[in-house]
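# Quick one, fold the following:
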Amino acid sequence: MPVIPEPSEFPSASQKGNKEVQNKVGEHRDKASAADHLSKGPQIPENMPPKASREEIEARMKELNKPSN
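Residues are numbered from 1 along each chain as shown. The predicted structure follows:
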């Protein structure tokens, strides 16, 4: 059987409301400005590996896809 607590143990509505008001008063959040939403463009790392030719990529693909019997 479930245990039902006594009604005196429930928090009252005024206690709940006071807690929410205190949280909102204590919080201070700055709103985002237009500058926060500006795009900085693509982020390209400086240490990228050298670009491989299509032939090198296809040769590597064939090498990796060989059946291993």
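# Low-confidence bits of the protein, can you list those?
Residue ranges of the chain with pLDDT under 70: 13-27, 69.
# Would you map the helices across this protein?
With DSSP state H applied, the chain shows helices at 13-26, 54-64, listed in chain order.
# from the middle of its chain, how far away would the shortest one be?
Okay, so that is helix 54-64. A distance of 36 Å separates the centroid of the chain from that of helix 54-64, by Cα atoms, centre = their mean, to the nearest Å.
# contacts for that helix?
Contacting residues not belonging to helix 54-64 are listed as Ala52 [Cβ atoms under 8 Å, 6 or more residues apart in numbering]. C-beta: built from backbone N, CA, C; applies to glycine.
# Send me that helix as CSV with only the CA atoms.
Extracted C-alpha coordinates of helix 54-64, given in CSV (Å, rounded to 0.1, in the frame of the first residue of the first chain):
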residue,chain,number,x,y,z
ARG,A,54,41.8,12.5,-56.0
GLU,A,55,44.1,9.6,-57.2
GLU,A,56,45.7,9.3,-53.8
ILE,A,57,42.3,9.2,-52.1
GLU,A,58,41.0,6.5,-54.5
ALA,A,59,44.2,4.4,-54.1
ARG,A,60,43.8,4.6,-50.3
MET,A,61,40.1,3.7,-50.6
LYS,A,62,40.9,0.6,-52.7
GLU,A,63,43.7,-0.4,-50.2
LEU,A,64,41.4,-0.1,-47.2
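# Could you list the buried residues of it?
Of the residues in helix 54-64, none are scored as buried under the neighbour-count criterion (16 or more other Cβ atoms under 10 Å).
# how long is stretch 30-45 end to end?
Between the opening and closing residues of stretch 30-45 there is a gap of 31 Å (Cα to Cα, to the nearest Å).
# just use 419 as the starting number from now, easier for me
OK, 419 is where the count begins now, so the last one is stretch 448-463.
# distance between that stretch and the chain's centre?
Counting by Cα atoms, centre = their mean, stretch 448-463 comes out at 16 Å from the chain centroid.
# List the buried residues for it?
By neighbour count with 16+ other Cβ under 10 Å, stretch 448-463 contains no buried residues.
# what's the answer for stretch 424-433, then?
Those would be none for stretch 424-433, no buried residues there (16+ other Cβ under 10 Å).
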